[in-house]
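A.B. asks: give me a 3D structure for the following:
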Amino acid sequence: MEKKHPDEIRTVVRKKYGEVAKNDPTGCCTPISSCCGEPATSLENLDPLTGYSPEELSLAPEGSHMGLGCGNPQAIAALKPGETVLDLGSGGGFDCFLAARQVGETGQVIGVDMTADMIAKARENALKGDYSNVEFRLGEIEHLPVADASVDVIISNCVINLSPEKLDVFREAYRILKPGGRLAISDVVATAPLPPELKNDLDLLSACVSGAATIAEITEMLQEAGFQNIEIQTKDESRELISHWVPGKNVQDYIVSATIEAIKPQE
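C.D. replies: Numbers count the residues shown, from 1 in each chain. Reported below is the predicted structural model:
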């Protein structure tokens, strides 16, 4: 992408997700407006491609599942009762509510999102579901409103690719994790260079396409931030899901969903 100021990129992304929050993407007869474009197929048809079970999809409050992900971070997070979990880019709160059930009443889940309308929607969903162990904070994932060494696990679902300052995201993640804490996220990674007309399209950045970094770049950033035991596994089957994000652009030829795991070493 041509060099743009990070604030310009954040403004575009914030506007996009503000619109998503205000327009319920799960409504009948409404095409979903996902993080990743506006596919013509229904949310129900795409759900199996993200890796969530029917049981998981039924557990969270209505309106929290907005079709904004590219995988299921719960599947790799191995959450335990009593843990404190942070969700980067929590949207309507879907992954937070699933995590809350796993950590139980003795645990805590914090969702951070930079879009005020998303935070309002998530808080409303928390009230509907009576989730006393979940809270949502307005903030940027490059500048987290979370104390040092206070979180056991960080999850995220197709969000870090949207950041214009990914290294800062990983540095912040390292800062707030306790020693031995773990990162367990789903995101998209670049598998081939995007053509210039796609790479420089800000709309495709908001669609989780043009901001994707390569596996090598993500690995280098995680190492620079201080993480160890880095594992990045691509999911080639996700190309079917990605093909619906921006119909006609063949973006699935350039990006793929991946699971990204890393550990903050014990001091």
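A.B. asks: top helix in this structure by residue count?
C.D. replies: Using DSSP state H to assign secondary structure, the helix with the most residues in the chain is helix 6-22.
A.B. asks: can you name the residues in contact with that helix?
C.D. replies: 33-35, 66, 68, 91-92, 113-118, 120-121, 140, 142, 162, 164-165, 202, 205-206, 211 (Cβ atoms under 8 Å, 6 or more residues apart in numbering). In short, each C-beta sits where N, CA and C put it, glycine included.
A.B. asks: what about 6 Å?
C.D. replies: Here helix 6-22 makes contact (Cβ atoms under 6 Å, 6 or more residues apart in numbering) with 33, 114-115, 117-118, 121, 162, 164-165, 202, 206.
A.B. asks: quick check: mean pLDDT of that helix?
C.D. replies: Mean per-residue pLDDT for helix 6-22: 79.
A.B. asks: so how far is that helix off the chain centroid?
C.D. replies: 15 Å (Cα atoms, centre = their mean, to the nearest Å).
A.B. asks: stretch 246-261 too?
C.D. replies: 15 Å.
A.B. asks: for that stretch, which positions count as buried?
C.D. replies: 246, 249, 251-252, 254-261 (16 or more other Cβ atoms under 10 Å).
A.B. asks: okay, buried residues for stretch 168-185 please.
C.D. replies: Across stretch 168-185, burial judged by 16+ other Cβ under 10 Å covers 168-178, 181-185.
A.B. asks: next: stretch 139-150.
C.D. replies: Buried, per 16+ other Cβ under 10 Å, within stretch 139-150: 140-142, 144, 146.
A.B. asks: which of the contacts of helix 6-22 lies closest to residue 74?
C.D. replies: residue 118 (19.4 Å; Cβ to Cβ).
A.B. asks: can you confirm the closest one is in a strand?
C.D. replies: No: read with DSSP: H, G, I helix; E, B strand; the rest coil, residue 118 is helix and lies in no strand.
A.B. asks: counting neighbours, what do you get for it?
C.D. replies: Counted with other Cβ atoms under 10 Å, the neighbours of residue 118 add up to 26.
A.B. asks: what does the one 3 residues further on give?
C.D. replies: When neighbours are counted by other Cβ under 10 Å, residue 121 registers 23.
A.B. asks: which stretches of the stretch 151-267 of the chain form helices?
C.D. replies: 166-176, 196-199, 202-206, 215-225, 239-242 (DSSP state H, counting those that start in this stretch).
A.B. asks: of those helices, give the one that comes closest to residue 104.
C.D. replies: Comparing the helices of the stretch 151-267 of the chain under Cβ to Cβ, the one sitting nearest is helix 166-176, at 21.2 Å.
A.B. asks: can you list the weak-confidence ranges in the chain?
C.D. replies: The chain contains residues with pLDDT under 70 at 1-3, 24-49.
A.B. asks: and with 90 instead?
C.D. replies: 1-71, 74, 164, 194-211, 237, 240-250, 267 (pLDDT under 90).
A.B. asks: residue contacts, residue 52?
C.D. replies: residue 72.
A.B. asks: could you shift the numbering so residue one becomes 619, and keep it that way?
C.D. replies: Sure thing, new numbering starts at 619, so read that last one as residue 670.
A.B. asks: ok so it is a helix residue?
C.D. replies: No: assigned with three-state DSSP, residue 670 falls outside any helix and is coil.
A.B. asks: can you give me the helices for the stretch 619-768 of the chain?
C.D. replies: Using DSSP H, counting those that start in this stretch, helices in the stretch 619-768 of the chain cover 624-640, 661-668, 672-677, 692-695, 712-721, 734-747.
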